[in-house]
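*Asks:* Predicted structure and sequence below. I'll ask about it afterward.
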Amino acid sequence: GAVVSQHPSRVICKSGTSVKIECRSLDFQATTMFWYRQFPKQSLMLMATSNEGSKATYEQGVEKDKFLINHASLTLSTLTVTSAHPEDSSFYICSARVTSGGGQFFGPGTRLTVL
Amino acid sequence: DAKTTQPPSMDCAEGRAANLPCNHSTISGNEYVYWYRQIHSQGPQYIIHGLKNNETNEMASLIITEDRKSSTLILPHATLRDTAVYYCIPSSNTGKLIFGQGTTLQVKP
């Protein structure tokens, strides 16, 4: 099946620093990738839709200047949390879609802890 | 986006079939029904999806009612490793998935 990886799996950073998370589709090309975050004991919340070669579309309430998304190739999307604060600590998960109308395949997630 | 209603939790005996219901009465004509599951602290796993016909794959079967207002995911022989939160999500071709609270399935020995 389709495999999506994320790097790093865990990251701890100091408040005020920026953190980059990579999402890669390993065995397929993904024109569309999605970024979610999940707080403890809550469901996943869609943050943004990332289309290769164009600007990401952010969901209401998600700050585009704080969560920078780049989708420069058909196999790689990155999420940068800028000037991270403790309230940004969360589980960040990406997904990639193989074809329009097909299922999305999720990465294993990245646990971000901001001290 | 269509809203869904799923029971918050269900138990199933190991080896028995697990039938997970989902109501999606406001689903649009162009929305598929997707099922995912999430095992604790992992990314969600795609299970199956369908539009109006019943579907089956190596993991599960999906039964969609004729009026498309509800569906049932069937795990034919549940194992302990099937313990997870199961999400039923209507989604159009945009691909956006709006996760609800899902059903926590506990498979018991």
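*Replies:* Looks like it came in fine.
*Asks:* Get me the contact residues on chain B for chain A.
*Replies:* Within chain B, the residues that sit near chain A (Cβ under 8 Å from any Cβ of the partner chain) are B:32, B:34, B:36, B:38, B:41-46, B:49, B:87, B:93-102. (Each C-beta comes from the backbone N, C-alpha and C, glycine too.)
*Asks:* excluding its backbone neighbours, what's nearest the residue in chain B that chain A sits nearest to?
*Replies:* Closest to chain A within chain B is B:G43: 3.6 Å, counting by Cβ to the nearest Cβ. Counting by Cβ to Cβ, 6 or more residues apart in numbering or on different chains, the nearest residue to B:G43 once its immediate chain neighbours are dropped is A:F106, at 3.6 Å.
*Asks:* Same question for B:V33.
*Replies:* B:S71 (5.1 Å).
*Asks:* A:G53 now?
*Replies:* Using Cβ to Cβ, 6+ apart, the closest residue to A:G53 is A:H71 (7.2 Å).
*Asks:* Wasn't the one you found part of a strand?
*Replies:* Yes - judged by DSSP: H, G, I helix; E, B strand; the rest coil, A:H71 forms part of a strand.
*Asks:* residues touching it, list them.
*Replies:* Residues near A:H71 by Cβ atoms under 8 Å, 6 or more residues apart in numbering or on different chains: A:33, A:50-54, A:56, A:77-78.
*Asks:* quick revisit: would you agree the residue nearest to B:V33 is in contact with B:I63?
*Replies:* Yes - the pair B:S71 and B:I63 qualifies as a contact (Cβ atoms under 8 Å) at a distance of 6.3 Å.
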